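Chemist: Sequence first, predicted model second:
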Amino acid sequence: MPDAAPASLDTVALLHRLAELAGHERHTQVEFLLHLDVFDQRRAWAEAGYPSLWEWCVRALHLSEGAAGRRIAAMRVLRRFPGLAEPLRDGRLSLSTAAVLSPVLTEGNWEELVGRAAYKTKVETEQLVASLQPRPAPREGLRRLPRPEKAPATLAKPIEAGCVEVDGAGERAPALRPEATSVEPLTLEGSAAQACPRELHAAQSAPARRATLEPVDADTYSLRVTVDAELKKDLDQLKSLLAHKVRNGDLGALLREAVKCALEKHGKRRGAVEPSRKRNITAPAENAPPPTPGEREPIPAAVRREVWKRDGGRCAWCSPDGRRCGSTWMLELDHIEPVALGGRSTVDNLRLCCRSHNSLHAEHVFGRERMDRFRKGADRSAPPTAASGSTSGACGTRAQAAGST
């Protein structure tokens with residue numbers, strides 16, 4: 001029979017029903033983690049066309065980023081200590097507290113620590129872990145903080161030391177001052193400062209702990225990052241070198257120039273950028289005599305560029321139902337017919353794959369057990385050309401040495 005409507009229950013019945021539902025939720029949650037563990041160990045997320053388990057949880061299950069991260073972390077703790085299933089079911093541990101306990105759990109102490117952490121909050125569990133695994137306290141010292149008084153109308157309030165705000169268009173960004181030190185605040189000038197009150201308020205209340213890139217409007221982003229003294233020195237030097245091109249020392253323009261140079265350098269190496277000068281580099285002829293199986297055949301830059309252009313700079317792996325991975329992270333050139341089996345370094349026999357799917361392809365060809373042995377470095381006696389179908393280290397350096405393409 002259907003459940004009674006919540007509004008029809010009295011307070012006592014509602015309390016009991018909520019406790020009952022919470023228990024069902026925890027039980028279902030543990031079952032989810034157990035199934036997720038098997039799913040991950042089979043690397044089924046790669047078969048489904050996703051570059052990682054986290055990506056699958058977010059894209060396929062529509063979990064939020066935080067929810068996916070908590071479940072994956074708890075699943076990995078549960079994998080190490082299956083006995084945690086019951087504490088998770090009865091509420092002694094939550095997903096968050098299980099993950100917090102993970103660094104200090106051992107086969108000999110996990111039951112004791114579960115008892116000590118039972119029904120504690122995440123903060124209380126962090127305190128327990130800190131008592132078991134103390135961390136060094138920060139050194140005492142003084143550092144300059146933003147001034148509390150109001151800034152002139154033309155200047156925004158100072159930003160915490162080492163933190164800079166840069167817009168995505170490379171305009172209205174703070175100029176680097178050569179005389180500034182690693183502990184002197186950098187200020188954001190002009191209208192961009194007024195457009196980002198939230199970032200400025202956060203910068204004044206606490207130092208930035210991690211880089212953030214947040215949209216300010218449709219075409220502008222606020223970049224906030226903490227830099228060390230060495231990078232600050234390099235930025236000052238870049239400002240001097242580009243003084244004739246970037247006359248006002250605009251930080252956004254300096255970063256744009258640095259990023260363009262990096263893209264030019266690394267893009268050419270990976271085949272993502274056309275060279276400024278054309279060279280007479282030809283791809284291996286389709287009718288050329290095939291190399292000895294397993295013999296590494298150089299991949300010309302022209303071929304790399306053609307493959308990159310054809311695949312759009314994204315992983316070309318497709319799942320059985322036709323879903324393309326499309327990841328841009330850790331891309332590698334993969335030989336569809338592996339070099340170890342006589343595959344050629346031609347455009348038609350190459351594709352872009354993320355590292356997860358390059359590795360999966362090798363498992364499909366040579367078997368997962370064999371590839372696992374190479375990843376762990378256990379099969380050192382195998383011939384160097386017999387074990388992998390990957391190109392740019394999809395299975396790690398050991399797999400490359402064991403026969404990657």
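Modeler: Yep, it's here.
Chemist: from here on, contacts and neighbour counts on C-alpha atoms
Modeler: Fine.
Chemist: Could you tell me how far L84 is located from T97?
Modeler: Distance, L84 to T97, by Cα to Cα, to the nearest Å: 11 Å.
Chemist: Neighbour count for these two, which is higher?
Modeler: A direct count of neighbours by other Cα atoms under 10 Å for L84 and T97 places T97 higher, at 24 against 20.
Chemist: the helices in the stretch 51-200 of the chain, which residues?
Modeler: In the stretch 51-200 of the chain, the helices defined using DSSP state H, counting those that start in this stretch lie at 53-59, 65-80, 85-90, 95-101, 110-117, 122-132, 191-195, 197-205.
Chemist: export these to a markdown table and tack on mean pLDDT?
Modeler: Formatted as a markdown table, the helices of the stretch 51-200 of the chain follow (pLDDT from 0 to 100):
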| stretch | mean pLDDT |
| --- | --- |
| helix 53-59 | 95 |
| helix 65-80 | 96 |
| helix 85-90 | 96 |
| helix 95-101 | 95 |
| helix 110-117 | 95 |
| helix 122-132 | 90 |
| helix 191-195 | 39 |
| helix 197-205 | 42 |
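Chemist: Could you check the helix or strand encompassing H357 and say which residues are buried?
Modeler: Using DSSP states H and E, H357 sits within helix 355-366. Going by neighbour count (16 or more other Cα atoms under 10 Å), the buried part of helix 355-366 is R355, S356, H357, N358, S359, L360, H361, A362, E363, V365, F366.
Chemist: by contact count, what packs against that helix?
Modeler: The contact analysis (3 or more Cα pairs under 8 Å, 6 or more residues apart in numbering; DSSP states H and E) places helix 355-366 against helix 44-47, strand 331-335, helix 368-376.
Chemist: Adjacent strands (with direction) for the second one?
Modeler: Within its sheet, and counting by DSSP bridges, strand 331-335 is paired with strand 350-354 (antiparallel).
Chemist: which residues touch the partner strand?
Modeler: 51, 307-308, 311, 313-317, 327-336, 394 (Cα atoms under 8 Å, 6 or more residues apart in numbering).
Chemist: Now, of those residues, which are buried?
Modeler: So, by 16+ other Cα under 10 Å, the buried ones in the contacts of strand 350-354 are 51, 307-308, 313-317, 327, 331-336, 394.
Chemist: Return the item of the residues you listed having minimum pLDDT.
Modeler: For those, the weakest pLDDT value sits at A394, with 37.
Chemist: quick one on the thing from earlier: so which of the helices and strands packed on helix 355-366 is the most surrounded?
Modeler: Mean neighbour count (mean count of other Cα atoms under 10 Å) peaks for strand 331-335 among those, with a mean of 27.
Chemist: May I have it as PDB, with CA atoms only?
Modeler: Extracted C-alpha coordinates of strand 331-335, given in PDB (Å, rounded to 0.1, in the frame of the first residue of the first chain):
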ATOM      1  CA  LEU A 331      45.400  12.700 -24.800                       C
ATOM      2  CA  GLU A 332      47.700  10.100 -26.500                       C
ATOM      3  CA  LEU A 333      48.100   8.700 -30.000                       C
ATOM      4  CA  ASP A 334      46.700   5.200 -30.100                       C
ATOM      5  CA  HIS A 335      47.400   2.700 -32.900                       C
END
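Chemist: That one versus helix 355-366: what angle between them?
Modeler: Strand 331-335 and helix 355-366 meet at an angle of 20 degrees, taking axes from the mean of the first three to the mean of the last three Cα atoms, to 10 degrees as the criterion.
Chemist: do you know how far P82 is from D40?
Modeler: Distance, P82 to D40, by Cα to Cα: 16 Å.
Chemist: Between these two, tell me which one has more neighbours.
Modeler: Between P82 and D40, counted using other Cα under 10 Å, D40 has the larger neighbour count: 16 against 12.
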